[in-house]
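K.L.:
Next one to model:
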Amino acid sequence: MSTPAPVRPSYAAVLRLPHVRRTFTAALAARLSYGTVGLAVMLSVTRATGSYAVSGAVMSLFGATTVFLTPLRAALSDRHGARRAVLPMAVLYGALLTLLAVLTWRPGAPVAPIAAVAALAGACAPPLGPVMRAVWAELAPDQQMLQRAYSLDGVAEELLFVSGPVLVGVLTGFAPPASGVVFSALLVVGGASVFLSSPVIPGPRPAAPRGRQGAVTGLVPPFVVALGAGLAVSAVELLTMAFATEHGYDTGLVPWVLGAVSAGSAVGGLVNGAVAWRTPARTRLVLFAVALGCVIAVAGLAPSLWLLTTALALAGAFIAPTLTTAYLAADEVAAPESRTQAGAWVNMGVNGGSSAGALAAGLLIGRLPLGVCFLVTGATALASAALAAGGRTTGAERAPRPLTGAEERSPR
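P.N.:
Purely as a prediction, here's the structure:
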């Protein structure tokens, strides 16, 4: 008697996991704050101080404390539980954003208090993405379902960062820019309060054993690839602006080009999540990073903005798969007591690379031909793939999650 073919988990099946709809919706509402706050802070500080230089310095402080303290905040979440650690962070973060809005509501604000409050706010930014991915890792019954969940999460996050600036633009059309900072504070406090009240939020975990060097080494490949991908994608945004200017196109078309990149990323992420991969996550991680780097490297050869848009949309199709697979690879080597931290390291890599990418592209543009700038940008993703491929495999990886159906007969 033949055995019926197993049904692959769908995205609808992911949303049918216990308590997921409420938990995920609240997490997205809170995480939307990260899509709105950057532009809101930049606009409000610029208006309050009248200086782009001051605004850039404040944004650098805010970004640095947000990005580089992420693993520490995630470690507190793992050690004490998200409710006890992350909810106070969210409340304090919201309070500091509100204070920043008060300081920048009218022109003529003093610079030092603005910079100090912005830096403190960044230091308190709650690790909502890493906590949500830790929830997915707890709820997913097998690796294929987890892959779908991470892909869905990544595509949703992409949409948040596309829609966030649009919401700020609408809001500042009839209110002061600082109102966008208040809006961000309300989103994070309200969303995090509902999110962290979910019964599936991880509780406190025992401290990780000392001397887990294998696990730390195992995080290097996903961290390095995330860093390279973040740097390359961020640089592409500025390079696209330079391409439009150099070729005589209206720079108002640039957002549409970047929208095509985001659309390509969303499609690529959904397709990646739908495929039942047989190759290990680390192998896929390297291959996706290579594909991303190669497409960006040759995109600068495009003779027109329309062909550049096509090339960058294709590059976008590898962005979400690269980052989703980086989170999967990190989860594979993470001990249960440090799962949130593992995702936070990848998150820090992406955000750190994004911060450096625009700076690096700005230094290259004007000094090198634009085609060479694209080539160098693509080479950063290729270099990260080479480093990830060359890293030694450790024995710290957990046993793979149970597989179902056909996957039991054909292990990855």
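K.L.:
contacts, neighbours, all on C-alpha from now
P.N.:
Noted.
K.L.:
Name the residues that touch the helix or strand harbouring residue 388?
P.N.:
Per DSSP states H and E: residue 388 is located in helix 370-390. The contact list for helix 370-390 (CA atoms under 8 Å, 6 or more residues apart in numbering) reads 220-222, 224-225, 227-229, 231-232, 235-236, 239, 242-243, 283, 285-287, 289-290, 292-301, 361, 364-365.
K.L.:
What's the ChimeraX line that selects buried ones from these?
P.N.:
A single ChimeraX command selects the buried members of the contacts of helix 370-390 (16 or more other CA atoms under 10 Å):
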select :220,221,222,224,225,227,228,229,231,232,235,236,239,242,243,285,286,287,289,290,292,293,294,295,296,297,298,299,300,301,361,364,365
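K.L.:
If you drop the residues flanking it in sequence, what lies closest to residue 274?
P.N.:
Excluding its sequence neighbours, the residue lying closest to residue 274 (CA to CA, 6 or more residues apart in numbering) is residue 148, at 6.6 Å.
K.L.:
For that neighbour, which three-state class applies?
P.N.:
At residue 148, secondary structure determined by DSSP: H, G, I helix; E, B strand; the rest coil is helix.
K.L.:
tell me the contacts of it?
P.N.:
Going by CA under 8 Å, 6+ apart, residue 148 touches 9, 10, 11, 14, 273, 274.
K.L.:
mind checking how far the fifth one is from residue 21?
P.N.:
In other words, residue 273. Distance, residue 273 to residue 21, using CA to CA, to the nearest Å: 18 Å.
K.L.:
and what of the second one?
P.N.:
Counting by CA to CA, the gap from residue 10 to residue 21 is 15 Å.
K.L.:
need the contact list for residue 197.
P.N.:
residue 83.
K.L.:
Tell me if it really is in a strand.
P.N.:
No: counting by three-state DSSP, residue 197 is not found in a strand; it is coil.
K.L.:
Next up, phi/psi of it, please.
P.N.:
Per-residue torsions, residue 197: phi -90, psi 0 (degrees, to the nearest 10).
K.L.:
Kindly give the local confidence score, pLDDT, for it.
P.N.:
Note for residue 197: predicted pLDDT of 93.
K.L.:
Same question for residue 122.
P.N.:
pLDDT for residue 122: 93.
K.L.:
Point me to the helix or strand that includes it.
P.N.:
Residue 122 belongs to helix 111-123 when elements are defined using DSSP H and E.
K.L.:
Of residue 273 and residue 21, which one has the most company?
P.N.:
Here residue 273 and residue 21 are compared on neighbour count by other CA atoms under 10 Å; more neighbours surround residue 273, at 26 against 13.
K.L.:
Find the nearest non-adjacent residue to the more buried one, please.
P.N.:
Distances taken as CA to CA, 6+ apart put residue 148 closest to residue 273, at 4.5 Å, once the chain neighbours are dropped.
K.L.:
Would you check how far apart the one you found and residue 299 are?
P.N.:
Distance from residue 148 to residue 299, counting by CA to CA: 30 Å.
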